[in-house]
Structure formats: C-alpha cells, structure tokens
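In: Would you be able to build a 3D model of this:
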Amino acid sequence: MNIDEQTHFNSLFQCHINELTLQGKSPKTIEMYSYYLRQVGGFFDCCPDQLSSEQLKTYFLYLVNNRSS
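Out: Below is the predicted model of the structure:
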C-alpha cells in the first residue's frame, strides 16, 4: 500500500476497533478480528474496503486450501 492507502486503512482500522468496543466485544475478540482484517489487507496489498466479493472468495478459497482449520 502507498502512504495514502495506509492512512485510509489506519483510519478504517480504528473505526473497526471502536465499533467492536462499542458492541462490547472482549479484547481478545477485537484482537483476533483485527488480526484477520490485517491479514486480508496484506494478502491483496490494499485496503479491505476496496475488495470485491470475488476477491474475498479467492482469499477464503486460498485459506481453505492452504491453511489447516
């Protein structure tokens, strides 16, 4: 990601954390959700809000085929 994309991601990431906190999620749940959000962003090297349904399906298929449980 370039600097503008990273800034956008950081802003959305903080909104994500705030929303989960307001929903009363536990710190461990927030940590795990955040980890996986960063993983999908890293897989495509872009902000996850720019991904299509097909791209997400590709990512999930990758996980099923290359990761255990």
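In: Any buried residues in the longest helix along the chain, and which?
Out: With secondary structure taken from DSSP state H, the chain has its longest helix at helix 3-22. Using 16 or more other CB atoms under 10 Å as the test for burial, helix 3-22 gives His8, Phe9, Phe13, Ile17, Leu20. In this view, the C-beta of every residue, glycine as well, is placed from N, C-alpha and C.
In: Is it possible to get a markdown table of those that adds pLDDT and distance to Ser34?
Out: Output for the buried residues of helix 3-22, formatted as a markdown table (pLDDT from 0 to 100; distance: CB to CB, whole Å):
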| residue | pLDDT | distance to Ser34 |
| --- | --- | --- |
| His8 | 91 | 16 |
| Phe9 | 89 | 12 |
| Phe13 | 92 | 7 |
| Ile17 | 95 | 6 |
| Leu20 | 96 | 8 |
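In: what's the farthest-apart pair in those?
Out: His8 and Leu20 (18.9 Å; CB to CB).
In: Could you identify the helix or strand that succeeds the longest helix of the chain?
Out: helix 27-44 (DSSP states H and E).
In: What lies in contact with that following helix?
Out: The contact list for helix 27-44 (CB atoms under 8 Å, 6 or more residues apart in numbering) reads 1, 9, 13, 16-17, 20-21, 25, 47-48, 51, 55-56, 59, 62.
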